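> I need the structure of the sequence given here:
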Amino acid sequence: MKNAAFPNVISRRNLISGTAGVLSVGWLPSLLARANESEGRRAKSCILLWMDGGPSQTHTFSIPEKEPDYKAIKTQTSGIEISEHLPQLAKLTDDLAIVRSMSTGLNNHGPGQFLMHTGYRSSVAVNYPSLGAIVARECGQPDVGLPNYINLGSSSVPKSFQRSGALGADFAPMMLSGSSISNVKPPIPLREEARLKLLGQVQQAEVDRFRTESLRSHAASYRKAIELMHTEKTQAFKYKDEPKDVQERYGKSTFSSQCLQARRLVEAGVAFVEVNWGGWDHHGGAAEPVKKRSPELDRGFSALIEDLKQRGLLDTTLVIWMGEFGRGPLGGIGGGNNRHKGSGHYAKCWTTVLAGAGLKTGQVVGSTTPYGVEVADRPVSAGDFFATVCRALDINHEGTYEAAGRPVPYTTTGSEPVEELF
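Numbering: from 1, shown residues only. Take a look at the predicted model:
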């Protein structure tokens, strides 16, 4: 069966070979070129551990010198101390780079989320793509058989900061509210052919008539679903098939399960996986809620680092831990209800954590004043952070895509990678 919209959907080889019409895959040549360039070495991938709401840096990885709520404990790395409630991560700091001098300036959730997912402030002029879409475009492989951008633990519909923007539907995320998928088995072949033939005819007629991006996006989503129905790579979603000792190491929390799922997906070749953990907007003060959450964070994050390392994947996988900003280190500081320590939104001085991808880890970048209120040394902007992520993933941060009829760079003008990490 062949038509312009669905070229022989039963044969995956023909499906991805590219034809005219709705499912044209003009992006394949660039993907194939990158695949040829990386022949003989594993392409890099990225796991983003997104702490939605803004986690308190002064209750996790940047315990202040003066008036802390928690004790700072020594770690595997001389000179680095972190929260007493993260003992497993304290054993792995040789594999972590802690950036304590983030300074991004956007204290509201929406703008901050957009900035830390795209590297840009939201604009009506340009439909900026998320980091996941950029990584899918630059690091994704054409023969993986799975989407190259997968979001775990979020809503089924991507928010503005999770979308592929000007890069188009081919790099849009697969959104999973949980950790796995279901109902991807293909129907009886004859029924499948008939249904897809009819769908293809309808879609082609609509494209011929209206030629809009929304129709192409709709068709692209069907193409991805068809690919999933005809690949055995969906086994990567079955994290409960892991040996019991592996599952026990990660633990049973939702966050831990999603960390395990993320490892399985990058092992299967997925370029970018985002794990969403919400509820970090602690306006009543961060001390008690972060103390309760710390065991889950400690166990899931540390298990992921250890697992990737043991499987030889850490050198080619960048792991990022962050939210949209941090929290006010003192009462009365930061946006929103800020009466307590760690309650106000705070983008002036906060913390992110990086691991893997060949970075120089076992170090802290930047420093703060004793109360953690100001950056004392080496401020890192959102643009610099994105340039760092791009370089870690072998992406040219000055590379461009076309939007609104002009080239747009992946990072804002003047952004530079944090050289200490390379």
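
> drop to CA atoms for contacts and neighbour counts, all remaining ones
OK.

> Buried residues, the one helix or strand R293 maps to. List them.
According to DSSP states H and E, R293 maps onto helix 287-310. Along helix 287-310, these residues count as buried under the neighbour rule (16 or more other CA atoms under 10 Å): 287, 290-291, 294-309.

> Quick check: next helix or strand after that helix?
strand 317-322.

> Quick check: mean pLDDT of the helix or strand that that following strand is followed by?
Remark: after strand 317-322, the chain's next helix or strand is strand 326-327, criterion DSSP H and E. Over the span of strand 326-327, the pLDDT mean works out to 98.

> Strand 326-327: what's the following helix or strand?
Moving toward the C-terminus from strand 326-327, the next helix or strand (DSSP H and E) is strand 345-346.

> So which other helices or strands are in contact with that following strand?
The helices and strands touching strand 345-346, judged by 3 or more CA pairs under 8 Å, 6 or more residues apart in numbering; DSSP states H and E, are strand 326-327.

> neighbouring strands for the strand it packs on, and are they parallel or not?
According to DSSP bridges, strand 326-327 forms sheet pairs with strand 345-346 (antiparallel).

> Run through who's touching the helix or strand that comes right after the strand it pairs with.
Sequence-wise, the next helix or strand downstream of strand 345-346 (DSSP H and E) is strand 350-356. Residues from elsewhere that reach strand 350-356, judged by CA atoms under 8 Å, 6 or more residues apart in numbering: 57, 61-62, 95-103, 305, 314-323, 325-327, 361.

> try it again with 6 Å
For strand 350-356, contacts defined as CA atoms under 6 Å, 6 or more residues apart in numbering pick out 57, 95-102, 314-315, 317-322, 326.

> about what we covered before: the helix holding R293 versus strand 317-322: what angle between them?
180 degrees (axes from the mean of the first three to the mean of the last three CA atoms, to 10 degrees).

> The chain should start at 28 in everything you say after this.
In the new numbering, first residue 28, that becomes helix 314-337.

> Check the offset of helix 314-337 from the chain's centre.
Centroid separation for helix 314-337 versus its chain: 17 Å, with CA atoms, centre = their mean, to the nearest Å.

> pull the CA atoms of that helix into CSV?
Coordinates of each C-alpha in helix 314-337 appear next as CSV, following Å, rounded to 0.1, in the frame of the first residue of the first chain:
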residue,chain,number,x,y,z
ALA,A,314,13.1,23.2,55.7
GLU,A,315,10.5,20.6,56.6
PRO,A,316,9.2,19.7,53.1
VAL,A,317,12.7,19.4,51.6
LYS,A,318,13.7,17.2,54.5
LYS,A,319,10.8,14.9,53.7
ARG,A,320,11.6,14.9,50.0
SER,A,321,15.4,14.5,50.3
PRO,A,322,15.4,10.7,50.8
GLU,A,323,13.6,10.2,47.5
LEU,A,324,15.9,12.7,45.7
ASP,A,325,19.0,11.2,47.2
ARG,A,326,18.1,7.6,46.3
GLY,A,327,16.8,8.2,42.8
PHE,A,328,19.4,10.7,41.7
SER,A,329,22.3,8.7,43.1
ALA,A,330,21.1,5.4,41.7
LEU,A,331,20.8,7.0,38.3
ILE,A,332,24.4,8.2,38.4
GLU,A,333,25.7,4.9,39.7
ASP,A,334,23.7,2.9,37.2
LEU,A,335,24.8,5.0,34.2
LYS,A,336,28.4,4.7,35.3
GLN,A,337,28.3,1.0,35.8
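
> Check which helices and strands it is in contact with.
With contacts defined as 3 or more CA pairs under 6 Å, 6 or more residues apart in numbering; DSSP states H and E, helix 314-337 has these neighbours: helix 114-117.

> How about residues contacting the helix it packs on?
So helix 114-117 is contacted by 102, 325, 329 (CA under 6 Å, 6+ apart).

> In CSV, could you pull the C-alpha coordinates for the next helix or strand along the chain from that helix?
Counting by DSSP H and E, the next helix or strand C-terminal to helix 114-117 is strand 123-129. Extracted in CSV, the C-alpha atoms of strand 123-129 (Å, rounded to 0.1, in the frame of the first residue of the first chain):
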residue,chain,number,x,y,z
LEU,A,123,29.0,15.9,40.1
ALA,A,124,29.6,19.5,39.1
ILE,A,125,27.7,21.9,41.4
VAL,A,126,27.1,25.4,39.9
ARG,A,127,26.3,27.6,42.9
SER,A,128,26.3,30.9,41.1
MET,A,129,23.3,30.8,38.7
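
> next helix or strand past strand 123-129?
Assigned by DSSP H and E, the successor of strand 123-129 is helix 136-145.

> any idea of the angle the helix or strand that that following helix is followed by forms with helix 136-145?
The helix or strand immediately downstream of helix 136-145 is helix 158-166, counting by DSSP H and E. Orientation check (the same axes, to 10 degrees): helix 158-166 against helix 136-145 gives 10 degrees.

> Could I get the average pLDDT for helix 158-166?
Averaged over helix 158-166, pLDDT sits at 98.

> centre of the chain versus it, how much separation?
Counting by CA atoms, centre = their mean, helix 158-166 comes out at 10 Å from the chain centroid.

> cool, and stretch 96-110?
27 Å.

> got a list of contacts for it?
Residues outside stretch 96-110 that contact it (CA under 6 Å, 6+ apart) are 87-88, 90, 111, 117-118, 120-121.

> Can you lay out those residues as TSV showing neighbour count?
As requested, these are arranged in TSV below (neighbours: other CA atoms under 10 Å):
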residue	neighbour count
T87	22
F88	25
I90	25
E111	20
A117	23
K118	14
T120	23
D121	18
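
> Would you mind putting the residues you listed into JSON lines with pLDDT and distance to S442 alongside?
JSON lines is the format used below for these (pLDDT from 0 to 100; distance: CA to CA, whole Å):
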{"residue": "T87", "pLDDT": "98", "distance to S442": "27"}
{"residue": "F88", "pLDDT": "98", "distance to S442": "25"}
{"residue": "I90", "pLDDT": "98", "distance to S442": "28"}
{"residue": "E111", "pLDDT": "98", "distance to S442": "35"}
{"residue": "A117", "pLDDT": "98", "distance to S442": "31"}
{"residue": "K118", "pLDDT": "98", "distance to S442": "33"}
{"residue": "T120", "pLDDT": "98", "distance to S442": "27"}
{"residue": "D121", "pLDDT": "98", "distance to S442": "27"}
